[in-house]
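Undergrad: this is the structure alone, sequence omitted:
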């Protein structure tokens with residue numbers, strides 16, 4: 001036994017003599033709780049780092065690949081009839097799908113890793129998602145962020161705004177689609 005072990009044993013012995021036998025199991029529980037807390041913090045940091053790496057990989061996609069990536073996330077979450085319709089003449093929607101309860105989902109994808117989506121894009125999507133596509137759920141997904149005005153407009157008009165942070169959580173397995181009622 002090294003010097004550290006001897007000192008630790010002597011300290012434990014002194015505590016037991018000074019405060020009673022219960023200090024030894026209490027001390028062990030405190031040490032175990034501290035070690036467990038350190039493992040939890042470390043695991044959380046590793047998860048966060050993985051999420052940042054995963055969402056950074058999205059930056060390397062082109063806009064069409066980004067649309068297909070979002071479609072894959074919808075499929076993973078149980079959506080049916082998922083179709084990528086983006087491109088010229090897409091009617092302002094890039095992905096159409098149905099939830100398991102058959103609610104219509106209209107998705108607009110904005111692959112803007114380095115800049116913010118403004119309110120004009122949200123207004124355009126608002127006009128076509130509800131009217132042209134008769135969506136029950138409208139999802140605006142960006143690889144970047146939204147301006148405050150865009151976020152405000154989207155929330156006022158029931159558009160689910162998925163920015164880089166929410167996208168990273170979605171990619172990590174969190175479900176983001178609201179439980180839309182069947183149409």
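TA: Perfect, I can see it now. Computed from a predicted model, the values in this text were never measured in an experiment. Numbering: from 1, shown residues only.
Undergrad: and residue 29, how many residues sit next to it?
TA: 10 (other CB atoms under 10 Å). (Each C-beta comes from the backbone N, C-alpha and C, glycine too.)
Undergrad: got it, and residue 20?
TA: Neighbours of residue 20 using other CB under 10 Å come to 10.
Undergrad: ditto for residue 83
TA: Applying other CB under 10 Å, we find 12 residues neighbouring residue 83.
Undergrad: how about residue 99?
TA: Residues near residue 99, counting by other CB under 10 Å: 23.
Undergrad: how near is it to residue 178?
TA: For residue 99, the distance to residue 178 (CB to CB, to the nearest Å) stands at 9 Å.
Undergrad: identify the contacts common to these two.
TA: residue 137 (CB atoms under 8 Å, 6 or more residues apart in numbering).
Undergrad: tell me where the chain has helices.
TA: In the chain, the segments counted as helices under DSSP state H are 3-19, 23-58, 63-76, 119-127, 148-156, 164-171.
Undergrad: domain ranges for this structure?
TA: 3-57, 62-171 (automatic domain parsing).
Undergrad: state the mean pLDDT of the shortest one.
TA: Along domain 3-57, the predicted confidence averages to a pLDDT of 69.
Undergrad: buried residues in stretch 155-164?
TA: Residues of stretch 155-164 classed as buried: 159, 160, 161, 162, 163, 164 (neighbour count, 16 or more other CB atoms under 10 Å).
Undergrad: pull the residues that contact that stretch.
TA: So stretch 155-164 is contacted by 55, 113, 122, 125-126, 129, 137-146, 150-151, 153-154, 170, 176-178 (CB under 8 Å, 6+ apart).
Undergrad: selecting buried members of the residues you listed in ChimeraX, what would you type?
TA: This is the ChimeraX syntax for the buried subset of those, where burial follows 16+ other CB under 10 Å:
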select :55,113,122,125,126,129,137,138,139,140,141,142,143,144,145,146,150,151,153,154,170,177
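Undergrad: now render the buried residues of stretch 155-164 as JSON lines, adding pLDDT.
TA: Formatted as JSON lines, the buried residues of stretch 155-164 follow (pLDDT from 0 to 100):
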{"residue": "159", "pLDDT": "94"}
{"residue": "160", "pLDDT": "94"}
{"residue": "161", "pLDDT": "95"}
{"residue": "162", "pLDDT": "95"}
{"residue": "163", "pLDDT": "93"}
{"residue": "164", "pLDDT": "91"}
